[in-house]
Every structure is written in structure tokens, then in C-alpha cells.
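Novice: sequence unknown, structure follows:
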């Protein structure tokens with residue numbers, strides 16, 4: 001079974017190509033023009049053991065919003081495509097990941113229904129390089145909308161903005177990895193409805 005997704009998204013603001021292999025080894029090649037976002041996508045692929053390629057050209061002369069948003073939308077769509085009919089997957093998973101003083105707790109349900117709960121410490125530094133820290137929630141909203149998953153992300157504490165954001169992506173990677181793995185005991189769709 002090949003669990004690969006590939007999405008191209010082109011608007012007047014951006015041109016995005018995303019490829020993902022859920023059964024990869026964590027090989028990542030990303031280029032969005034937003035350095036910290038590239039770093040986060042690298043965390044997602046490496047810690048999820050997803051082979052991930054992302055190429056985005058966007059209107060960075062305005063700001064990074066469209067570039068980040070459209071990349072997250074395409075990534076969510078590619079992830080959903082790679083899951084296929086979800087036959088045999090684990091479906092539910094959670095992961096807790098610390099990064100020095102910060103801790104992220106992520107729980108996911110590959111349910112077919114998009115929903116996000118996101119909590120992180122208030123008063124975080126507004127920028128990490130050229131990355132607007134308010135974009136983290138928007139990335140997750142965009143990803144969830146297209147991936148059609150329920151995602152709960154909670155950072156109960158942390159001081160350093162870089163650590164707070166990065167541990168979220170690492171925990172997300174682990175939770176997505178565990179939820180999308182094939183369960184050898186699960187022969188069908190893990191739902192009483194028969195569909196996800």
C-alpha cells in the first residue's frame with residue numbers, strides 16, 4: 001500500500017507544491033522563504049518519519065501570511081490524500097514533547113471532521129525572526145481544515161517563544177505519526193460508522 005499525497009495550489013498570492021509519504025524515513029526538503037517556518041516543517045517530517053517536500057513561492061514582499069497559510073492548507077490536503085480511506089489506521093494518538101522549559105501536549109483524531117483546540121502561554125514574544133508567532137494557531141487551523149482531523153494542542157507552560165512553537169510541531173509530528181500508523185489487528189475502518 002502506498003500512502004503518498006501530492007498537492008499543488010496556485011493563487012495570485014502563492015504557488016505551493018507539497019508531497020508527503022506517510023511511510024517514509026523522515027527525509028525532508030522544504031523551501032518556503034520563511035526560515036523559521038521551514039525549521040518547523042523540518043521538525044514535522046523528521047519526527048513524524050514522513051518524507052516531506054515543500055516548495056512555496058509567495059508574496060513575501062507583503063509579509064509571510066499568505067505563504068504560510070497556503071502552505072499549511074496544501075500540507076493538510078496532501079496529508080488527507082495520503083491517508084486514503086484510512087483502512088487499518090490506529091486513528092487516535094497523543095504525544096507530549098518537552099523542549100527545555102516548554103511542554104506541548106497534542107492529541108489527534110483522524111476523524112474526517114475538522115476541529116481545533118489550541119492553547120499556548122499568553123505574552124509570548126510576537127516575532128521569531130520574520131515569523132509572526134500568532135501564525136502558529138493559523139497554521140494549525142489551516143492544516144486541520146484540509147486534513148479533516150480533530151486536533152487538540154496544549155502548551156501549559158513555557159517562556160521562550162522558539163521553544164513554545166517548536167515543541168508544538170514536534171508533538172504534532174509524533175501524534176500524527178502514531179495515529180496514521182497501520183495497526184496489524186485493525187482490518188477495517190476504525191469507526192462504528194464504517195467511514196472516516
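Specialist: Now that the structure is in, tell me what you want to look at. Computed from a predicted model, the values in this text were never measured in an experiment. Residues are numbered from 1 along each chain as shown.
Novice: how about the secondary structure of residue 107?
Specialist: strand (DSSP: H, G, I helix; E, B strand; the rest coil).
Novice: so it sits against residue 178, correct?
Specialist: No. Using Cβ atoms under 8 Å, residue 107 makes no contact with residue 178, being 10.5 Å away. No exception for glycine: its C-beta is placed from N, CA and C like everyone else's.
Novice: list the contacts of residue 173.
Specialist: 43-48, 50, 95 (Cβ atoms under 8 Å, 6 or more residues apart in numbering).
Novice: so which strand or helix has it?
Specialist: Per DSSP states H and E: residue 173 is located in helix 161-180.
Novice: so for that helix, what's the average pLDDT?
Specialist: Helix 161-180 shows a mean pLDDT of 98.
Novice: same question, stretch 113-122
Specialist: Here the average pLDDT along stretch 113-122 is 97.
Novice: chain center to that stretch, what's the gap?
Specialist: Distance of stretch 113-122 from the chain centroid (Cα atoms, centre = their mean, to the nearest Å) equals 13 Å.
Novice: ok, stretch 157-168 next?
Specialist: With Cα atoms, centre = their mean, you get 16 Å for stretch 157-168.
Novice: repeat that for stretch 126-142.
Specialist: 13 Å.
Novice: check stretch 82-97 too.
Specialist: On Cα atoms, centre = their mean, the centre of stretch 82-97 falls 13 Å from the chain's centre.
Novice: check which residues of that stretch are buried.
Specialist: By neighbour count, with 16 or more other Cβ atoms under 10 Å as the criterion, the buried positions of stretch 82-97 are 82-83, 86, 88-91, 93, 95, 97.
Novice: stretch 5-19 too?
Specialist: 5, 7, 9, 14, 16-19.
Novice: repeat that for stretch 63-75.
Specialist: 64-75.
Novice: contacting residues around stretch 28-41?
Specialist: 42, 45-46, 51-58, 60, 64, 67-68, 71, 75, 128-131, 135, 139, 162, 165-166, 169.
Novice: and those, which are buried?
Specialist: Buried among the contacts of stretch 28-41 (16+ other Cβ under 10 Å): 42, 45-46, 51-54, 56, 58, 60, 64, 67-68, 71, 75, 128, 131, 135, 139, 162, 165-166, 169.
Novice: filter the residues you listed down to just the ones in strands.
Specialist: Among those, the residues falling in strands (DSSP state E) are 51-54, 56, 58, 128, 131.
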